[in-house]
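>>> Dropping a prediction and its sequence here:
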Amino acid sequence: MCHTVGMRRALCGSCVGLLALCSPVLPQRPSDPDIEALIAKSRQKAIEYAQSLPDFVATEVIHRYTGSEAVHGFWSPTDTLTIQLRYFDHREDHKLLLIDGKPTERTFETLEGSFGYGEFGTTLSVVFDPASQTTFHWRSWKNVRKHRVAVFDYTNGPHSRYRLLTTVEGHTVEADVGYHGALQIDAETGEVLHLAYLASQIPRELHLRYAGNTVDYDLADVGDRRYLLPSRSEMEMQGQSQCARNVTEFREYRRFSADSTIDFSVGK
């Protein structure tokens, strides 16, 4: 009996040693010059990003939820919107196709609720715009889809252009606010693979306690080339008593040109 226990201990000790040998060695914090070089590379990519995108069509599926301050963390499904997204001449156009899987004659502009914009370069360019005076702080390394990724926290400076809009008693109220968040940057290419931004110093007239967005980017085929494009985003806004959450999936990217025939059918 004792011998069996001893063997178990010996085996466990060997396993621990094997695990220690097989564990990957995490890279050390890069030097300050290397950090500055990566941020500069990512800034150039971000500033050029929107201009580098082709004209395309995509399907945007938005799952909307509501919640309340009284029941923290519980979200009740509101509806699911299927939208034809056209990106033409570096501008977004949205055409509402389905609500909860059923055709609708309503237009995107008549929808009530909260919506996010800027996934296709606007937000990235604002974060990295030198005029925004954003400060970046190294956090860690991580692996994303077999890529070594640098994680940074950032804080926007006093010249923010992050605009929030709300409707209060039938009137639209808007204001530019400060923000902060986190970035995951591909260490080799300098491209941003994940972006999170949260509003700060929200003016009282917006009647919001919290507003935050996250965007994940992945490679997608558009025509005969691959581009880094939004694959998923999540937005959350908290008012005085009600909260809203949107989870958006971007699907079926395809090339669009002014003389092409557009098929607005939705892929299953």
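Received it, and whenever you're ready, just let me know what you need. All values derive from a computational prediction rather than experimental measurement.
>>> Okay, and the closest residue to R251 other than its chain neighbours sits in which element?
Closest residue in space to R251, ignoring its immediate chain neighbours: T59 at 4.6 Å, by Cβ to Cβ, 6 or more residues apart in numbering. All C-beta atoms are positioned from the backbone trio N, CA, C, and that covers glycine. Of the helices and strands defined by DSSP states H and E, T59 is found in strand 56-68.
>>> List the buried residues for the helix or strand just after that strand?
Downstream of strand 56-68, the next assigned helix or strand under DSSP H and E is strand 71-88. Of the residues in strand 71-88, 75, 78, 81-87 count as buried by neighbour count, 16 or more other Cβ atoms under 10 Å.
>>> what about R204, neighbour count?
7 (other Cβ atoms under 10 Å).
>>> how near is it to Q240?
Separation of R204 from Q240 (Cβ to Cβ, to the nearest Å): 11 Å.
>>> May I have the strand holding T59 exported as CSV, CA atoms only?
C-alpha atoms of strand 56-68 as CSV (Å, rounded to 0.1, in the frame of the first residue of the first chain):
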residue,chain,number,x,y,z
PHE,A,56,-18.1,45.8,-50.1
VAL,A,57,-21.4,44.4,-49.0
ALA,A,58,-21.9,42.4,-45.8
THR,A,59,-24.7,41.0,-43.6
GLU,A,60,-25.0,42.5,-40.1
VAL,A,61,-27.0,40.6,-37.5
ILE,A,62,-27.7,42.5,-34.3
HIS,A,63,-29.0,40.7,-31.3
ARG,A,64,-30.6,43.3,-28.9
TYR,A,65,-31.2,42.9,-25.2
THR,A,66,-32.6,45.1,-22.4
GLY,A,67,-31.9,44.9,-18.7
SER,A,68,-32.4,47.0,-15.6
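>>> Report the backbone C-alpha coordinates of stretch 210-229 in PDB.
Output in PDB follows, covering the C-alpha atoms of stretch 210-229 (Å, rounded to 0.1, in the frame of the first residue of the first chain):
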ATOM      1  CA  TYR A 210     -22.100  53.900 -18.600                       C
ATOM      2  CA  ALA A 211     -21.400  53.400 -22.300                       C
ATOM      3  CA  GLY A 212     -18.900  50.900 -23.700                       C
ATOM      4  CA  ASN A 213     -18.000  49.000 -26.900                       C
ATOM      5  CA  THR A 214     -15.800  46.200 -28.000                       C
ATOM      6  CA  VAL A 215     -14.900  45.200 -31.500                       C
ATOM      7  CA  ASP A 216     -13.100  42.000 -32.700                       C
ATOM      8  CA  TYR A 217     -11.300  41.900 -36.100                       C
ATOM      9  CA  ASP A 218     -10.500  38.900 -38.200                       C
ATOM     10  CA  LEU A 219      -9.500  38.300 -41.800                       C
ATOM     11  CA  ALA A 220     -12.300  38.000 -44.400                       C
ATOM     12  CA  ASP A 221     -12.300  37.400 -48.100                       C
ATOM     13  CA  VAL A 222     -13.600  40.300 -50.200                       C
ATOM     14  CA  GLY A 223     -13.200  39.500 -53.900                       C
ATOM     15  CA  ASP A 224      -9.800  38.000 -54.500                       C
ATOM     16  CA  ARG A 225      -8.100  39.500 -51.400                       C
ATOM     17  CA  ARG A 226      -8.300  39.100 -47.600                       C
ATOM     18  CA  TYR A 227      -8.900  42.100 -45.400                       C
ATOM     19  CA  LEU A 228      -8.900  42.600 -41.600                       C
ATOM     20  CA  LEU A 229     -12.600  43.400 -40.900                       C
END
